[in-house]
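Student: below: sequence and its predicted model.
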Amino acid sequence: MKQQEQMPSRNHLEKVGRKKKKKWTEEAMERALIEVKSRRCTVRQAAKQFGVPKSSLGDRVSGRVTPGSRSGPAQLITSSDEELLVEFSLYMSKHGFPLTKQQLVSFASSIYKRQHRRVAFSNLGQTWWLNFRKRQEKNISIQLADGIIRGRTVHVRKETVDHFFHLLETVVEAHALGDKPRQMWTCSEMDFHLARKRVLLHKSTPTSRDYISVLACFNAAGKDIPPFIVFSKAYPGGVCYKTQGPPHALYGWSDSGCVTSDLFKKWFLRHFLAYAPKERPLLLIFDGHKSPVNLEVVEAARKEDVLLLCLPPHCLHNLQPLDTGLCSLVKQRFSALLGDSNAANATLFAVTKKDFTGVFKEAYRVVEEDEGVKIVKESFKKCGIYPVSHFAANEACLLSPHSVDPTEGAASGQHVVRGLHAPGSSP
């Protein structure tokens, strides 16, 4: 009968798994390497004389390991790229949208993939994250995300709005944008649910066939960037949707029909920068929590002298100029063109994906009319974006500091990365 193997004790496992401490110095390794290369000693003799591992010395002699390189696992992204990642995190934190751990790891993985295009790889893991935190503990701090920011309520605290206007005022003053409406921009999504037939349903009705979103972008002078139209699931068949659509419009698609992070990058790099005025700097205000901006966008924005500023969550109905007037006007025109004059509050529009762009083109003409330009300008003023004026939001939309449970943020389990800098430092 085979004797049953005895399980190793806990102390034995800890002893086996315990990492060996380095008992030699780089100076001793360099001196041993000099002796071997000058042929005064063999590898074995030099290792014994200077107290360094024979295998490590042999690796340096053969060239498998570069002299002076760090021991242990290789750093997955270079130090310069890691500094860029830290700088990116601090930039995002200062401009109203601090990164979560998942977002930062995703951006680091993008950098790694950019350096190693032929390597089959998904994402960096927990080990890289813990080592990154340890290396950058003097530059960044990890904090629990505010439960309000994570969308646990439809309200928003007054401090969040105050913080946004502090950032806005700081940016406008630092870059002398107070009298330059052409250089202050904002973008927002309009959503359209397409029905199979012309019906009016209550807003809570979940069923629809297709979903289309339109990313509109305007400056405080009422000038627009051609719209970005995003279809759900796939493009319509043929090219008629392009020929019938608004002039110079950009098109894309996603599974949901919403603007994703990759689509926002496509719009910013290929569309916004192409049609924006040549004056610099430009300020672009948007909802970064819905479609998080990525590293390539921030790199391009800083190169092109475009300042990115994120609106606080759950405030679009009060702080987003396009949501307070123009989007509703375009939808009303859209409904009227379909013969649904009472469809201002409907969520379903009886039009196909192929025909959508033609109808939308006619509805979108309002942005060129005096009425549309006037609404855009008044909306910027009403929201306090231009000229900058702290928006006195309705008390029903804001929560006092004492009405929020301090444990609510911890319940969300999310963490964000913030910089270890003075709160009043310039973005």
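Tutor: Perfect, I can see it now.

Student: from now on I want contacts and neighbour counts done on CA atoms only, so please keep to that.
Tutor: Noted.

Student: phi, psi for Met184 please.
Tutor: Backbone torsions for Met184, taken as degrees, to the nearest 10, come to phi -110, psi 110.

Student: go on, the one 3 residues further on?
Tutor: In terms of degrees, to the nearest 10, the main-chain angles of Cys187 are phi -130, psi 150.

Student: now do it against Tyr112, distance only.
Tutor: 31 Å (Cα to Cα, to the nearest Å).

Student: which stretches of the stretch 1-150 of the chain form strands?
Tutor: Assigned strands in the stretch 1-150 of the chain, in chain order: 99-100, 140-144 (criterion: DSSP state E, counting those that start in this stretch).

Student: want to throw those strands into JSON lines with mean pLDDT and distance to Thr324?
Tutor: Rendered in JSON lines, the data for the strands of the stretch 1-150 of the chain read as follows (pLDDT from 0 to 100; distance: least, Cα to Cα, whole Å):
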{"stretch": "strand 99-100", "mean pLDDT": "76", "distance to Thr324": "28"}
{"stretch": "strand 140-144", "mean pLDDT": "72", "distance to Thr324": "32"}
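
Student: between these, which one is closest to Phe268.
Tutor: Closest to Phe268 of the strands of the stretch 1-150 of the chain is strand 99-100 (Cα to Cα; 19.6 Å).

Student: the closest one: partners in the sheet, and parallel or antiparallel?
Tutor: Strands adjacent to strand 99-100 in the sheet, as given by DSSP bridges, are strand 415-419 (antiparallel).

Student: and the strand it pairs with, average pLDDT?
Tutor: Throughout strand 415-419, pLDDT has a mean value of 65.

Student: can you check stretch 268-281 too?
Tutor: Stretch 268-281 shows a mean pLDDT of 95.

Student: ditto for stretch 50-59
Tutor: Mean pLDDT, computed over stretch 50-59, is 89.

Student: got the end-to-end distance for it?
Tutor: Between the start and the finish of stretch 50-59 there is a gap of 16 Å, counting by Cα to Cα.

Student: in it, what counts as buried?
Tutor: By neighbour count with 16 or more other Cα atoms under 10 Å, stretch 50-59 contains the buried residues Phe50, Val52, Pro53, Leu57, Gly58.

Student: got CSV for these, with distance to Ser328 too?
Tutor: Listed next are the buried residues of stretch 50-59 as CSV, based on distance: Cα to Cα, whole Å:
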residue, distance to Ser328
Phe50, 79
Val52, 74
Pro53, 73
Leu57, 72
Gly58, 73
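
Student: between all of these, which two are separated the most?
Tutor: Considering Cα to Cα, no two members of the buried residues of stretch 50-59 lie farther apart than Phe50 and Gly58, which are separated by 13.6 Å.

Student: just for the stretch 251-400 of the chain, where's the confidence low?
Tutor: Segments of the stretch 251-400 of the chain classed as low confidence (criterion: pLDDT under 70) are 288-292, 316, 340-347, 391-400.

Student: can we see that at 90?
Tutor: Segments of the stretch 251-400 of the chain classed as low confidence (criterion: pLDDT under 90) are 256, 261, 286-299, 302, 310-319, 324-325, 338-352, 354, 389-400.

Student: could you pull out the strands for it?
Tutor: Counting by DSSP E, counting those that start in this stretch, the segments of the stretch 251-400 of the chain that form strands are 282-286, 306-310, 348-349, 398-399.

Student: backbone dihedrals for Lys233, please?
Tutor: Here the main-chain torsion angles of Lys233 (degrees, to the nearest 10) amount to phi 70, psi -50.

Student: same thing with Lys223?
Tutor: Dihedral angles of Lys223 (phi, psi; degrees, to the nearest 10) stand at phi -90, psi 140.

Student: what's the answer for Leu311, then?
Tutor: The phi/psi pair for Leu311 (degrees, to the nearest 10) reads phi -70, psi 150.

Student: how about it: what's its closest non-neighbour residue?
Tutor: Nearest residue to Leu311, sequence neighbours excluded (Cα to Cα, 6 or more residues apart in numbering): Asp287, at 5.2 Å.

Student: ok, the one you found touching His314?
Tutor: No: the pair Asp287 / His314 is not scored as a contact, 9.7 Å apart, by Cα atoms under 8 Å.

Student: about what we covered before: which neighbours do Phe50 and Gly58 share?
Tutor: Overlap between the neighbourhoods of Phe50 and Gly58 is empty, taking contacts as Cα atoms under 8 Å, 6 or more residues apart in numbering.

Student: what about Leu99, distance to Leu194?
Tutor: Look at Leu99 and Leu194: by Cα to Cα, they are 34 Å apart.

Student: among those two, which residue is more densely surrounded?
Tutor: Neighbours per residue (other Cα atoms under 10 Å) separate Leu99 from Leu194, with Leu99 holding more: 25 against 21.

Student: for Phe132, see how far away the more buried one is.
Tutor: As defined by Cα to Cα, Leu99 lies at a distance of 14 Å from Phe132.

Student: one more: Ile111?
Tutor: In this structure, Ile111 lies at 14 Å from Phe132, with Cα to Cα as the measure.
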